[in-house]
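A.B. asks: sequence first, predicted model second:
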Amino acid sequence: MKFVYPEFLWSLLLLAIPIIIHLFNFRRYKTLYFSSLQFIKHVDQQTRSTQKLKHLLVLLSRIFALAALIVAFAQPYKPVSATNSTAGKPVLAIYIDNSFSMTAKGTEGELLSEALEVARKIIEKATLNTLILLHTNKMSGIEQHFISRAEALDRLDKITPIPLTRQIDDVIAWQRNFIEKESETNQRTGSKQHILLSDFQKSTTKFDGIAQDNLSYYYPIIFKPQEFENICVDSVWFTSPIRKVGSNNELNIRVVNNSDKQITNAEIHCDIDGIKRDVFLDLQAKSATNTVINYTERSSGIKKGKISVNDKQLFWDDDFYFSYTVDNQTGVLVINGVGVSNAVQTVYSLEKYYNLRSIEENAFSLDELKNIDLVVVNGLNEIPSGTIDELKAFAQSGGSLALFPGPKAKLSDWNNLLSDLKLPILNESTAVGSRIDKLIYEDPFFYGMFEKKKDNLNLPAIKKYYRTVQNGNSAYFDLIKLQSGTPLLLRSDGALNVFLFSGSLDNEFGTFTSNALFPSVLLRMAEMSQRKAPISLTIGKESFYPLYKKQNSDIPVHLKSGKVDFIPRIQKEGLISYIALNGEEAIEMLPAGCYDLMDEKTEAILALNYDRIESSTDCYSKDEILNKLEEKGLKNISSHEVIEGQSITKIDIEKPFEYWKLFISLSLVFLLTEMALIKFWK
């Protein structure tokens, strides 16, 4: 047996007081004179014996009543197990999974409501001296404290769903570390019980990092929804990266059916900047289905859209938000060298959509790049080191480059630039295998350029070209290939948007500029040069939104929507600043939706969505959880499944057996015995 407050046992010394009073009962005696004392002596002997017995019983009743009361205040208890019995207070660590998957419908409301009710019953049954660690998926500093039973019951009323998930091994490690630290620094802890209230989704539950534990008790309590059905909009993307007024957009929508049943005529509602469409899909069980919506851009500016599905089970993943910008103009700067081709300027002069500026190579400066999306290097033989640095910085800040070497290119200058841009370097020119072999139609660069794939195109004649040699860090895609295998036209892969023509536009290298393919390629480069930001971001992931057009560096960026006004964290990589939304603060503060990105004015609209990791309805069973916990070396496990609301009342958490109520009762019994002896024993 152990005591919660063993210091109260010192009060047992007070038992000496009634004993002292009994032993030194100073009373005055009065002498009575009788003619014959024989009869009086006989009566006196009988009375004294009876009174001594009575006084002894009263004394014992008082001692036992006081002793029982003192022991009750010391709160004796029997630990759950002898192996984990210490002199400390018992600990009850309760984890409540309040992620979005717990909003699924159970028999008596949402699963989270059922979990809160189970937690309430467990807390109400806890002893007054129990140290309670109650926390959710936040696992914040506010939750990392031992609280009383009353505080825990009050905190339950404030728990709401949040878009944050935790792995079970992280939860258990977090609880253990805090309890161990608290036991070493503040107060000794006794028996430890870990209550885990969750639906234990397979997509968010991991057991790998759980360390062995032979002493603590673990109670995984599994909450099952009424139906394991859920459909969601998983992702949205455009087929083509080009968005212009009057152009056709193909919006791809991916819908996932996470249930085991086929769903017929699932309604998908689309609202794209006032354009409303409804699509009906048949969704196979446990599969994803893609559909495409075609529409025409009617105006320039910032656009936003929302794709919605009608679902009866989980609602948080029914909407998917996205946004994009349709520019009314693209800034093009042409830097002309000795081997200039006037055809470049002619092509970009045909449409007002292209704001063309043309300069000579010796007139180039950093100021020329203001409001420019695409820089065309037209026939430069030599590239000064300063120009190389500025072109590299321009590309790294989100700008696009189209590189056309001159007929007598200084390879050392060009290769310095190409190496920095992670492109293959140029070697001496050659005429071997200079015939165009094929166009890579599958690349998004050629999307919509041809009605269909053609093998008999009238391709330009290439007389010679610069051989390319792959650099160690080069990453690119071929667009047009020659018979020698060398790419005539390629584009960079990754964050940079750079196009390289491995020949020259000079007539000495061929007739590429006189072919219909040339203006098509040139215009497509400009169309793809618009600085594109992601059409949607996932809250809490490594989501970064580039700030290409921030007006004032002294004014912080705000995300505003209704009453939400959030200042995001800014992270700089290279020459570009990004909005980072991967912190827990963003998860807690930002609901899914469209937000105005503002400093002095609205610069863009950010579409934020919840992570779809919880959309899957696959959960671990009771036996699977027990097996996985036992594999990790947990010895004391008792699992429960809450399938019906009535089963909540059947859950009973083992707790230390307490004796203080028994000792209070004994104290009352001895006190009543004393009163009865005094009153009725004459």
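C.D. replies: Happy to help now that I have it.

A.B. asks: which of the helices and strands in the chain ranks last by mean pLDDT?
C.D. replies: strand 657-658 (a mean of 57; mean pLDDT, DSSP states H and E).

A.B. asks: now do the helices in the stretch 451-600 of the chain.
C.D. replies: Here the stretch 451-600 of the chain has its helices, by DSSP state H, counting those that start in this stretch, at 517-527, 584-589.

A.B. asks: give me the contacts around the first one.
C.D. replies: Just to be clear, that refers to helix 517-527. Contacts of helix 517-527 with the rest of the structure, by C-beta atoms under 8 Å, 6 or more residues apart in numbering, involve 242, 244, 330, 332, 343-344, 347-348, 350-351, 354, 373-374, 376, 400, 402, 445-446, 449, 457, 459-460, 489, 499, 512. Using the backbone N, CA and C atoms, a C-beta is placed for each residue, glycine as well.

A.B. asks: show me this structure divided up by domain.
C.D. replies: Listed by automatic domain parsing, the domain ranges of the chain are 2-79+661-680, 82-227+618-655, 231-327+533-614, 330-527.

A.B. asks: narrow the contacts of helix 517-527 to those in helices?
C.D. replies: Among those, the ones falling in helices (DSSP state H) are 343-344, 347-348.

A.B. asks: now those in a markdown table, with distance to L281 and neighbour count?
C.D. replies: What follows is these, written out as a markdown table (distance: C-beta to C-beta, whole Å; neighbours: other C-beta atoms under 10 Å):
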| residue | distance to L281 | neighbour count |
| --- | --- | --- |
| A343 | 48 | 16 |
| V344 | 46 | 24 |
| V347 | 42 | 22 |
| Y348 | 43 | 23 |
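
A.B. asks: re the thing from before, of the contacts of helix 517-527, grab the buried ones for ChimeraX.
C.D. replies: In ChimeraX, selecting the buried portion of these, with burial taken from 16 or more other C-beta atoms under 10 Å, looks like this:
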select :242,244,330,332,343,344,347,348,354,373,374,376,400,402,445,446,459,460,489,499,512
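
A.B. asks: shaky segments in the stretch 1-150 of the chain?
C.D. replies: Filtered on pLDDT under 70, the stretch 1-150 of the chain yields the residue ranges 1-5, 24-49, 77-87.

A.B. asks: quick one: the helices in it?
C.D. replies: Going by DSSP H, counting those that start in this stretch, the stretch 1-150 of the chain shows helices at 16-23, 38-74, 111-125, 149-156.

A.B. asks: pick the most deeply packed of those helices.
C.D. replies: Neighbour counts (mean count of other C-beta atoms under 10 Å) averaged over each of those peak at helix 111-125, with a mean of 20.

A.B. asks: now for that helix, which elements pack on it?
C.D. replies: strand 89-96, strand 105-106, strand 131-135, helix 149-156, strand 189-198, strand 213-223 (3 or more C-beta pairs under 8 Å, 6 or more residues apart in numbering; DSSP states H and E).

A.B. asks: again, 6 Å this time
C.D. replies: Counting contacts by 3 or more C-beta pairs under 6 Å, 6 or more residues apart in numbering; DSSP states H and E, helix 111-125 packs against strand 89-96, helix 149-156, strand 213-223.

A.B. asks: so for L426, which of the ones you listed sits nearest?
C.D. replies: Closest approach to L426 among the helices and strands packed on helix 111-125 (C-beta to C-beta): strand 89-96, 60.9 Å.

A.B. asks: give me the angle between that closest one and strand 131-135.
C.D. replies: Strand 89-96 and strand 131-135 are oriented at 10 degrees to each other (axes from the mean of the first three to the mean of the last three C-alpha atoms, to 10 degrees).

A.B. asks: which parts of strand 89-96 are buried?
C.D. replies: Result for strand 89-96 [16+ other C-beta under 10 Å]: buried residues 89-96.

A.B. asks: picking that back up, C-terminal to the least confident helix or strand of the chain, what's the next element?
C.D. replies: Downstream of strand 657-658, the first helix or strand assigned by DSSP states H and E is helix 660-680.

A.B. asks: isn't V91 up against N129?
C.D. replies: No. Using C-beta atoms under 6 Å, V91 is not in contact with N129; the gap is 10.7 Å.

A.B. asks: how about the helices in the stretch 151-300 of the chain?
C.D. replies: Ranges of helices in the stretch 151-300 of the chain, per DSSP H, counting those that start in this stretch, are 168-185.

A.B. asks: grab the most central residue of the protein for me.
C.D. replies: G540 (4.3 Å; C-alpha atoms, centre = their mean).

A.B. asks: got phi/psi on it?
C.D. replies: phi 90, psi -10 (degrees, to the nearest 10).

A.B. asks: how near is it to N137?
C.D. replies: To N137, G540 is 11 Å away according to C-beta to C-beta, to the nearest Å.

A.B. asks: quick check: which of the helices of the stretch 1-150 of the chain is nearest to I168?
C.D. replies: helix 111-125 (14.6 Å).

A.B. asks: angle of the closest one against strand 189-198?
C.D. replies: 160 degrees.

A.B. asks: and the angle from helix 111-125 to strand 213-223?
C.D. replies: Using the same axes, to 10 degrees: helix 111-125 against strand 213-223 is 130 degrees.

A.B. asks: which residues touch helix 111-125?
C.D. replies: Outside helix 111-125, the residues that touch it by C-beta atoms under 6 Å, 6 or more residues apart in numbering are 94, 96, 98, 102, 104, 106, 108, 149, 152-153, 156, 197, 199, 223, 642, 648, 651, 653.

A.B. asks: can you check stretch 475-482 too?
C.D. replies: Stretch 475-482 is touched from outside by 422-423, 433, 437-440, 443, 445, 487-494, with contacts defined as C-beta under 6 Å, 6+ apart.

A.B. asks: tell me the contacts of the residue nearest to F566 when sequence neighbours are not counted?
C.D. replies: Once flanking residues are discounted, F566 sits nearest to L559: 4.6 Å by C-beta to C-beta, 6 or more residues apart in numbering. The contact partners of L559, by C-beta under 6 Å, 6+ apart, come to 566, 568, 595.

A.B. asks: can you give me the distance of L559 to V377?
C.D. replies: From L559 to V377 the distance is 38 Å (C-beta to C-beta).

A.B. asks: if we can go back for a sec, okay if I get the contacts of L559 as JSON lines plus distance to S235, neighbour count and pLDDT?
C.D. replies: Below are the contacts of L559 laid out as JSON lines (distance: C-beta to C-beta, whole Å; neighbours: other C-beta atoms under 10 Å; pLDDT from 0 to 100):
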{"residue": "F566", "distance to S235": "24", "neighbour count": "15", "pLDDT": "91"}
{"residue": "P568", "distance to S235": "22", "neighbour count": "22", "pLDDT": "89"}
{"residue": "Y595", "distance to S235": "19", "neighbour count": "25", "pLDDT": "94"}
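
A.B. asks: which of those fall in strands?
C.D. replies: 566, 595 (DSSP state E).

A.B. asks: pretty sure L333 sits against S358.
C.D. replies: No. Counting by C-beta under 6 Å, L333 does not reach S358; the two are 7.7 Å apart.

A.B. asks: between those two, point out the one with more neighbours.
C.D. replies: Legend: neighbour count by other C-beta atoms under 10 Å for L333 and S358, higher for L333 (22 against 18).

A.B. asks: quick check: that one vs R155, distance?
C.D. replies: 61 Å.

A.B. asks: in the helix or strand where I302 lies, what counts as buried?
C.D. replies: In this assignment (DSSP H and E), I302 forms part of strand 301-309. Neighbour-count burial for strand 301-309, counted by 16+ other C-beta under 10 Å, picks out 302-309.

A.B. asks: adjacent strands (with direction) for that strand?
C.D. replies: strand 263-272 (antiparallel), strand 319-326 (antiparallel) (DSSP bridges).
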